[in-house]
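Colleague: this one's structure only:
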Ligand SMILES: [Zn+2]
């Protein structure tokens with residue numbers, strides 16, 4: 001080969017090698033209460049790995065049960081903790097039912113939870129930390145599912161499923177299992193005594209997708225030293241989903257501190273605002289969402305329901321933001 005042929009050959013090789021790498025983005029689609037808005041109950045996100053693996057994070061109440069057409073294929077379900085707004089004790093009648101501030105979440109998912117009902121219908125695996133796997137295994141078994149589909153990822157370890165490595169990290173929160181999931185005489189006695197079942201600590205997640213993107217999903221948490229020591233220093237998360245709702249979790253000021261000073265990702269998606277965060281797709285003036293967006297120093301992207309955002313391995317939003 002002469003020199004120009006070599007250059008042409010190298011160019012072709014370069015194109016063949018780099019083009020698919022550039023195309024490898026993780027798609028993040030919020031399944032919220034109202035299309036195009038960020039509403040009080042919004043927690044659920046679908047992460048789609050470049051290899052096609054689809055992960056549902058905290059179905060909560062805005063996914064309209066297992067028949068919600070927005071779900072599509074669901075390979076894995078991640079549940080950060082057992083509170084009803086995350087595991088789904090009730091859910092929207094249909095996507096977009098009710099309004100952003102007054103959703104129609106009149107469909108009960110008790111005593112199974114929406115996460116279990118979706119897993120049964122979609123044959124998804126459920127990945128949790130602490131002592132939650134035993135609960136989900138029992139619910140799957142009791143409803144004709146496979147208890148082995150409930151998989152453990154406890155602090156410090158990880159599991160890789162569908163090409164995505166999943167680890168749990170500490171979330172400073174509570175994680176009581178309300179007695180309505182337990183039922184019977186035991187559930188009744190617990191309810192009367194005002195105590196919840198012990199399923200271990202609440203968690204966040206760190207996901208490593210097949211394109212190399214590392215994402216931190218905070219779950220409900222306060223400020224923790226682990227956000228710097230573990231999430232940033234060890235896992236090197238480039239994308240964060242950060243809960244901002246205050247009262248139950250970090251508020252906008254604390255969440256911005258976590259992002260700016262501890263996790264320091266390239267991009268953040270606020271979540272769990274517990275308020276009407278947007279009107280006509282624009283951040284509502286005077287909202288906690290606005291306070292967070294103003295305080296945070298990295299690229300921040302509002303999770304508008306149904307709007308897919310794409311992130312490259314460095315946590316940069318390449319489409320849909
Ligand atoms: Zn919550």
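Modeller: Done, it's in. Predicted model only: the values in this text are computed from it and were never measured.

Colleague: Could you list the contact residues of the protein toward the ion?
Modeller: By the rule C-beta under 5 Å from the ion, the part of the chain lying against the ion is 85, 220. Quick note: C-beta positions are derived from backbone N, CA and C, even for glycine.

Colleague: Might you list the low-confidence residue ranges for the chain?
Modeller: Scanning the chain for pLDDT under 70 picks out the ranges 1-23.

Colleague: Centroid-nearest residue for it?
Modeller: For the chain, the residue nearest the mean C-alpha position is residue 57 (3.3 Å; C-alpha atoms, centre = their mean).

Colleague: Return the set of residues that bridge with that residue.
Modeller: With DSSP bridges as the criterion, residue 57 is bridged to residue 45, residue 78.

Colleague: give the contact list for it.
Modeller: 43, 44, 45, 46, 47, 78, 80, 205, 217, 241 (C-beta atoms under 8 Å, 6 or more residues apart in numbering).

Colleague: Between which two of those is the distance greatest?
Modeller: 46 and 80 (15.3 Å; C-beta to C-beta).

Colleague: For those two, work out which one has more neighbours and name it.
Modeller: Shown here are residue 46 and residue 80; by other C-beta atoms under 10 Å, residue 80 has more neighbours (28 against 21).

Colleague: Tell me the secondary structure at that one.
Modeller: Following DSSP: H, G, I helix; E, B strand; the rest coil, we place residue 80 in the coil state.

Colleague: Let me know the distance separating it from residue 250.
Modeller: Per C-beta to C-beta, to the nearest Å, residue 80 is found 14 Å from residue 250.

Colleague: what about the residue in the stretch 51-200 of the chain that the ion sits nearest to, neighbour count?
Modeller: Across the stretch 51-200 of the chain, the shortest distance to the ion (C-beta to the ion) belongs to residue 85, at 4.5 Å. Residue 85 has 22 neighbouring residues, counting by other C-beta under 10 Å.

Colleague: that's a helix at it, yeah?
Modeller: Yes - counting by three-state DSSP, residue 85 falls inside a helix.

Colleague: ok, and the closest non-adjacent residue to it?
Modeller: Among residues not flanking residue 85 along the chain, residue 60 sits closest, at 5.4 Å (C-beta to C-beta, 6 or more residues apart in numbering).

Colleague: For this structure, which segments are assigned as helices?
Modeller: 3-23, 114-122, 132-142, 184-193, 226, 252-257, 288-295 (DSSP state H).

Colleague: chain center to the fifth one, what's the gap?
Modeller: This means helix 226. Averaging C-alpha positions (C-alpha atoms, centre = their mean, to the nearest Å) puts helix 226 19 Å from its chain's average.

Colleague: and the nearest residue to residue 124 once chain neighbours are set aside, what does it touch?
Modeller: Nearest residue to residue 124, sequence neighbours excluded (C-beta to C-beta, 6+ apart): residue 74, at 4.5 Å. By C-beta under 8 Å, 6+ apart, the residues touching residue 74 are 46, 54, 55, 56, 118, 119, 122, 124.

Colleague: Likewise for residue 305?
Modeller: Counted by C-beta under 8 Å, 6+ apart, residue 305 has contacts 30, 31, 32, 33, 34, 35, 36, 37, 38, 39, 42, 62.

Colleague: residues near the fourth one, how many?
Modeller: In this case it means residue 33. 30.

Colleague: Over to the third one?
Modeller: Applying other C-beta under 10 Å, we find 33 residues neighbouring residue 32.

Colleague: The nearest residue to residue 103 once chain neighbours are set aside and the ion: what is the separation?
Modeller: Once flanking residues are discounted, residue 103 sits nearest to residue 33: 4.7 Å by C-beta to C-beta, 6+ apart. Per C-beta to the ion, to the nearest Å, residue 33 is found 15 Å from the ion.

Colleague: Could you verify my assumption that residue 33 touches residue 93?
Modeller: No - the criterion here is C-beta atoms under 8 Å, and residue 33 misses it with residue 93 at 11.3 Å.

Colleague: shared neighbours, these two?
Modeller: Counting by C-beta under 8 Å, 6+ apart, nothing touches both residue 33 and residue 93.

Colleague: Report how far apart the opening and closing residues of stretch 240-255 are.
Modeller: 11 Å (C-alpha to C-alpha, to the nearest Å).

Colleague: May I see the buried residues of that stretch?
Modeller: Residues of stretch 240-255 classed as buried by neighbour count (16 or more other C-beta atoms under 10 Å): 240-246, 248-252, 254-255.

Colleague: Likewise for stretch 294-303?
Modeller: For stretch 294-303, the neighbour count (16+ other C-beta under 10 Å) marks 295, 296, 298, 300, 301, 302, 303 as buried.

Colleague: In contact with the spatially closest residue to the first one that is not a sequence neighbour: list those residues for me.
Modeller: Looking back up the chat, that one is residue 295. In space, residue 295 comes closest to residue 256 once its chain neighbours are excluded; the distance is 3.5 Å by C-beta to C-beta, 6+ apart. Residue 256 makes contacts with 292, 295, 296, 297, as judged by C-beta under 8 Å, 6+ apart.
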